[in-house]
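*Asks:* Quick one: sequence plus predicted model below, questions after.
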Amino acid sequence: MKDLIIKGEAKTPTVKFNFQNGELLISGRSIPENSVEFYEPIIQWLEEYKASNGGGLKVDIKLEYFNTSSSKCILDLFKKLEELNEVKKAIAIQWYFEADDEDMEEAGQDFQAIINVPMELVSVESL
């Protein structure tokens, strides 16, 4: 299975899926013109990963900001990770937020309450 790399831009986050290491990183800002279109390849990659011989997956989310339409897509991504966790049994999500960013901390708490996948909230000085 090939890695998935999407270079971040002003309105879209950087995405790095490393199949060999079982790592997914999403970082930056997520305010794309069409969130569904942007997140579709990520969801598709997760679907392919589910069918692959890959093991668990370490997921790091380091978003500075995301808009409402991205929020729905991020939830869809987490739901796909939930499905993956039922098969692979080793999905771990870390939601990073800046220590003084209460909105991003709260967003992480909201996602944590909705999904059934181990998720750790990690406070950092800067992303």
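*Replies:* Nice, I can see it.
*Asks:* remind me which residues of this protein are low pLDDT?
*Replies:* By pLDDT under 70, the low-scoring segments of the chain are 88-89.
*Asks:* strands paired with the longest strand seen in the chain, and their directions?
*Replies:* Looking across the chain with DSSP state E, the single longest strand is strand 57-66. When sheet partners are counted by DSSP bridges, strand 57-66 sits next to strand 23-30 (parallel), strand 91-98 (parallel).
*Asks:* would a markdown table of those strands with mean neighbour count and distance to Gly8 be doable?
*Replies:* In short, each C-beta sits where N, CA and C put it, glycine included. Converted to a markdown table, these look like this (neighbours: other Cβ atoms under 10 Å; distance: least, Cβ to Cβ, whole Å):
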| stretch | mean neighbour count | distance to Gly8 |
| --- | --- | --- |
| strand 23-30 | 20 | 4 |
| strand 91-98 | 20 | 15 |
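*Asks:* which helices and strands does the next helix or strand after the longest strand of the chain pack with?
*Replies:* Under the assignment DSSP states H and E, the closest C-terminal helix or strand after strand 57-66 is helix 68-88. Packing partners of helix 68-88 (3 or more Cβ pairs under 8 Å, 6 or more residues apart in numbering; DSSP states H and E): helix 35-51, strand 57-66, strand 91-98, helix 102-114.
*Asks:* mind redoing it with 6 Å?
*Replies:* Contact partners of helix 68-88 among helices and strands, from 3 or more Cβ pairs under 6 Å, 6 or more residues apart in numbering; DSSP states H and E: helix 35-51, strand 91-98.
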